[in-house]
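Asker: sequence plus the predicted model coming up.
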Amino acid sequence: MTLKPALRTLAQSYTNQTLKQYQLSYHSKPLCHLHAIAVSPKSESFVSESRKSVIAHHLLDKTPQRDLLEYNHLLFEYFRNDRNNEAINLFVGLWRSGLQANGSILSSVLKVCGCLSDQVAGRQLHCQCVKSGCAEDVSVGTSLVDMYMKTEGVRDGRKVFDEMGDRTVVSWTSLIAGYARNGLNDQALELFSEMRLQGNKPNPHTFVTVLGVLAAKGMVEKGSQVHTMVIKNGFESITFVCNSLINMYLKSGIVKDAKAVFDCMPNRDAVTWNSLIAGYVINGLDLEAFEMFNQMGLAGVKFTQPIFVTVIKLCANYKELVFARQLQCCVLKSGLAFDRNIKTALMVAYSKCSEMDDAYKIFSMMQGFQSVVTWTAMISGYLQNGGTEHAVKLFCQMSREGIKPNDFTYSAILMARPSFSIGQVHAQVIKTNYEKSPSVGTSLIDAYVKMQNVHEAEKVFHIIDEKDIVAWSAMLSGYAQIGDTEGAVKIYLQLAREGVIPNEFTLSSIINACAAPTAAVEQGKQFHACSIKLRLNNTLCLSSALVTMYAKRGNIDSANEVFKRQGERDLVSWNSMISGYAQHGNGKKVLEVFEDMRRQNLEMDGITFIIMISACTHAGLVDEGKKYFNIMVQDYHIDPTTEHYSCMVDLYSRAGNLEKAMDIINGMPFEAGANAWRALLGACRIHRNIELGKLAAEKLIALQPQDSAAYVLLSNIYATAGNWQERAKVRKLMDERNVKKQPGYSWIEVKNKTYSFLAGDLSHPMSDLIYSKLEELNNRLSDMGYQPDTNYVLHDVEEEHKAAFLSQHSERLAIAFGLIAKPPGSTIQILKNLRVCGDCHTVIKLISVIEARDIVVRDSNRFHHFKDGLCSCGDYW
DNA sequence: ATAGGGTTAG
C-alpha cells in the first residue's frame, strides 16, 4: 500500500472527530488509507509516530469483527515496516479473540520473533504450529528455520530444515543466510553447493546471500564464478543482485570489476550508489568517492541516510568545512535532520574542522535524545581541539545524567591528562570491566608510556583480552620511546609468532626502536627487509621512519636512498631528510633539500625551521639562521614558538654573542623555557662568562630541579674559572636534592656485538691492550705538539692527573678498542650518550690522521665524521 | 553514529 500525496492532506487534517465518521463505514476506502497510515514506515514522517499509534489502536479496538485475512494483512504490513511490537500486540489480540491462527499468520509472527530475537516466543509458536498441523506447511517450516537461525538456535534451525518434507529455494536460502549471519561462512558456502547438487535453482536472494558471504571472506575468484552463475540465470539486470556484486568486488579490492557491474546496470537505486561510494572509501579512493557522490546528485537519485553518513565522514577526514556545511543543508532538505547517526557524523566533522561551536550546537539540540555515543563524540571533539576543560566538564555532566561511559569514552578520556589522573581512570576502567578491552587498554598503555612508566604499560598490555594490531603497535611504540630496542624486538617476535600481520604503524614503531643509539645497525636493516616483504616500505610513515633510522644509525647514504625512492612524500618525509643531513653536519645538502622544497612550493611547518635554524647554529652561520627565522615569519606566516626562540638563543650563544642571546630571551613574547637557558648556559661555559652562566644556571635549576645538566654545567663553569669553593657548593646542592649526574657511556659494535665503556673503565677483558694502545696514541699526540685542554676536567687535581682523566674518557677507550679489533682502514663507529668534550674532539681529529681512519661519533646531539684531521661539525656542536 | 597505535626537532 503506497501513500499518495492526497493522503497526506487527509492524514494531516485527521482528528478524532473525523475518525468517528470513518468508523461508521469501516469498509470504505478512507479507512483502508488509515490502515496504511498506521502501519507506514517510520521514515514517512508526515504523520507523527504517536498519532500513528493512536490511529492503530483505534482501528484495533473500535472496528467490528475482523477475519483472519485482515489480521494477516495487517500483520504482514506491520512486519514489513519494522513495527514488530505492534505486530505482536495484534497477534495477542487475535489470540484473545479466540480465532485460530492459520499457517500464514503463524509464519508472519515467527518472522517477527526472529527480528525481535525472541526464541522463547518462537518456541511457543513452534508448538502451536505442530499442534495445529501447520508445521508441515513449507512456508511455516521455512519461517521456523529463519526464526531459529536469528535467535542463536542454529542447531534447531538445521534440525527443522533436515526434517522438512518439502523444501523450496526460500528454505535453502533461509538456512544459508542463517549460517552467514552466525559467522559460519564455510557451512553457508557448502550448503550453497549442496543445494545446487540437489537440483535447486538459486533465486536472486540466494545470490545476494552467497555474495555477502564471499564479500566477508574476500573470496574474489569464487565471487566471479558466482557472478557468472548470476548471468547464466538471467539475474544480471536485477538491481539488488548487482548491488551485492558491486559490494563483493569492492570488499575484495577489485574496484575495476565493481565499476564494470555498475556501468552495465539498467537501473540504479540509492543502495547501488551507496555500495559504490562506501566501497571506494574502503579502497582508499576518497576523491573518487566524492566524485561519485557528485554524480549521484546529478543523476537525480535521492540521498539516503547511509550516503550522508559516509560522505560526511569523508568531509571530517579531509576537514572539508564548506562541503560539510552544504551537506548539512542537504540533510535538512531531505527530511533526515532528525537522524541521530547523521547528526553525530556532522558533530565529528565540525570537531575535525575545529568548529566546536557548530558541533556543540548540534549536540545541545539533541537534548533528551543523547546517548553515550553522542556524548563521547562531543567529549573527544573537545579533547582533539585542546578543550580539555570542556571535555572534563561534559564527562562529569554525562555521569550526573546517569549515562555510563563505554569503552570508546574511556579510551577518549585518557587523552585528558593531567586533568584526570591515569590512576583514577584506570581504577574506574577496572571497576567497569573495561580493562580487557583492546581500545581502552591501548589508551592506557600510551598514557603510561608518556609518563615514562613502561612497567605499568606492560602490565596493562598483558591483561588485554584479544590484542589487536593497534594494541601490539602501542606496546612496540612504548619500547621505542624509551629506546629499549631489545624489548621492542621481543614484542615484535611474539606478535609474528602469533600470526598477527604487522601494518605500517607496527613497522614504523619497530624501525623507530632500531634507531636507538644502542641498537645494532643490522637490526634496523632486517626490519627494513620485513617491510619490503610486506610491501609496506613505500608507505609514508614507514619510509620516514626508515630515513630517520638510517640517518641516526650513521648511514646517511641509505637514508637518502630510501628518500629518493619514495613515490609520495609529505612534510614529514622532507623534514626527516633535512634533519638527517643536519645531524651529519652536511650543510650543503641541508640547503639543497630546503631549496627543493621551496621551489616546489611545498608546505613547511615550524619543525622545518627548527631544523634549519639549528643546522645554521651548528655550522656557525648566524646571519643565515636569522634569515630562516625571518623567512618563517614573513613568507610562511608561521608564529614562532618558545622552541624557535630557544633555537635563536642557541644560535647566538654558540657563536659567542651572549649579549644578543640575552636580548632574544628578554624580547621573546613568552617566559624563556628550560631549553633557552640551557643553550645560554652551555655557551657561557665555552665562552667563560661566569656572571651570565650563574644566572642561566639558576633559572634552569629553578625550572628543572632534577635535571643534572644544569648543575654539571654550572660546576664546569666554576671549575674552568678555578673557583673550587663555589663548585663544591653546587655539588653539595646536587647531593641534597639527590640529583645524579648521568654517567657518560660510549658504545662500539664489533662483529654484531656491542661493547660499552665508562670513563676509566677496566672491565673489558682486553683492558690491558686498550690502555697500552691509548698510551701509544698519547705519545704520538705529544710528538705532534698536542697539549691537553684541562678545562674539561671536573676534579680539583694536579695538571698531570687531569690529563690522565681526559685520556680515559669513554669515547677514547671505545676508539682504542676499535682500532685494535676492527680491520685496518675500516670506519670506526662510536656512540655516546653525552656530548663529546672539546678535548676529546681535538684528539679524535688527530687520531684520524695518525691512524688514517675515518671515525664517526654519534653523541647525544649529532654526528661527528672525523676524517683527515677535520670534523664534519666544523667544530660547532 | 563515538575510541585507541605511527613518522619529523631541540
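Answerer: Sure, I can see it.
Asker: which residues of the stretch 501-650 of chain A lie near DNA strand B?
Answerer: With Cβ under 7 Å from any atom of the strand as the criterion, the stretch 501-650 of chain A meets DNA strand B at residues A:503-506, A:508-509, A:512, A:515, A:540-541, A:544-545, A:548, A:570-573, A:575-576, A:579, A:582-583, A:605-607, A:610-611, A:614, A:643, A:646-647, A:650. For glycine as for every other residue, the C-beta is placed from the backbone atoms N, C-alpha and C.
Asker: I should have written the stretch 1-150 of chain A there, sorry.
Answerer: Counting by Cβ under 7 Å from any atom of the strand, no residue of the stretch 1-150 of chain A is near DNA strand B.
Asker: where does pLDDT dip in the stretch 1-150 of chain A?
Answerer: A:1-66 (pLDDT under 70).
Asker: so who does the residue of the stretch 151-300 of chain A found nearest DNA strand B touch?
Answerer: Here the residue of the stretch 151-300 of chain A nearest DNA strand B is residue A:278; by Cβ to the nearest atom of the strand that distance is 9.5 Å. By Cβ atoms under 8 Å, 6 or more residues apart in numbering, the residues touching residue A:278 are A:250, A:289, A:306, A:310.
Asker: most surrounded residue in those residues?
Answerer: The residue in those with the most neighbours, by other Cβ atoms under 10 Å, is residue A:250 (26 neighbours).
Asker: same for the helix or strand hosting it, what does it pack against?
Answerer: Element membership for residue A:250 (DSSP states H and E) is helix A:239-251. Applying 3 or more Cβ pairs under 8 Å, 6 or more residues apart in numbering; DSSP states H and E, we find helix A:239-251 packed against helix A:204-217, helix A:220-232, helix A:255-264, helix A:270-282.
Asker: for the record, mean pLDDT for it?
Answerer: For helix A:239-251, mean pLDDT rounds to 95.
Asker: just for chain A, where's the confidence low?
Answerer: A:1-66, A:791-804, A:876-877.
Asker: can you name the residues of the stretch 351-500 of chain A that neighbour DNA strand B?
Answerer: Applying Cβ under 7 Å from any atom of the strand, one finds that the stretch 351-500 of chain A approaches DNA strand B through A:371-374, A:376-377, A:380, A:384, A:406-409, A:411-412, A:415, A:438-439, A:441-443, A:446, A:468-471, A:473-474, A:477, A:480-481.
Asker: let me see the contact set for residue A:76.
Answerer: Residue A:76 makes contact with residue A:108, according to Cβ under 8 Å, 6+ apart.
Asker: and the helix holding residue A:250, how far out from the chain middle?
Answerer: Relative to its parent chain, helix A:239-251 has a centroid offset of 29 Å by Cα atoms, centre = their mean, to the nearest Å.
Asker: what's in contact with that helix?
Answerer: Contacts for helix A:239-251 (Cβ under 8 Å, 6+ apart): A:204, A:207-208, A:211-212, A:214-216, A:218, A:220, A:223, A:226-227, A:230, A:235-236, A:255, A:257-258, A:261-262, A:265, A:267-269, A:271-272, A:275-276, A:278-280, A:282-283.
Asker: then stretch A:693-707?
Answerer: Contacts of stretch A:693-707 (Cβ under 8 Å, 6+ apart): A:672-674, A:677-678, A:680-681, A:684-685, A:709-711, A:713-714, A:717, A:737, A:739.
Asker: report the buried members of the contacts of helix A:239-251.
Answerer: A:204, A:207-208, A:211-212, A:214-215, A:220, A:223, A:226-227, A:230, A:235-236, A:255, A:257-258, A:261-262, A:265, A:268-269, A:271-272, A:275-276, A:278-280, A:283 (16 or more other Cβ atoms under 10 Å).
Asker: neighbours of residue A:162, how many?
Answerer: Neighbour tally, residue A:162, other Cβ under 10 Å: 10.
Asker: that one sits in which helix or strand?
Answerer: Going by DSSP H and E, residue A:162 is in helix A:154-163.
Asker: so what does the following helix or strand past that helix touch, helix or strand wise?
Answerer: As assigned by DSSP H and E, the chain's next helix or strand after helix A:154-163 is helix A:169-181. When contacts are defined as 3+ Cβ pairs under 8 Å, 6+ apart, helix A:169-181 sits against helix A:138-150, helix A:154-163, helix A:185-197, helix A:204-217.
Asker: tell me the buried residues in helix A:169-181?
Answerer: Of the residues in helix A:169-181, those buried (16+ other Cβ under 10 Å) are A:169, A:170, A:171, A:172, A:173, A:174, A:175, A:176, A:177, A:178, A:179, A:180.
Asker: how about those residues in JSON lines, adding distance to residue A:597?
Answerer: Shown next, in JSON lines, are these (distance: Cβ to Cβ, whole Å):
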{"residue": "A:169", "distance to residue A:597": "64"}
{"residue": "A:170", "distance to residue A:597": "64"}
{"residue": "A:171", "distance to residue A:597": "66"}
{"residue": "A:172", "distance to residue A:597": "63"}
{"residue": "A:173", "distance to residue A:597": "60"}
{"residue": "A:174", "distance to residue A:597": "62"}
{"residue": "A:175", "distance to residue A:597": "62"}
{"residue": "A:176", "distance to residue A:597": "57"}
{"residue": "A:177", "distance to residue A:597": "56"}
{"residue": "A:178", "distance to residue A:597": "59"}
{"residue": "A:179", "distance to residue A:597": "56"}
{"residue": "A:180", "distance to residue A:597": "52"}
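Asker: so which of those is the closest to residue A:850?
Answerer: residue A:180 (76.9 Å; Cβ to Cβ).
Asker: apart from its chain neighbours, what residue comes closest to the closest one?
Answerer: residue A:188 (4.5 Å; Cβ to Cβ, 6 or more residues apart in numbering).
Asker: surely that neighbour touches residue A:211?
Answerer: No: the pair residue A:188 and residue A:211 fails to qualify as a contact (Cβ atoms under 8 Å) at a distance of 11.2 Å.
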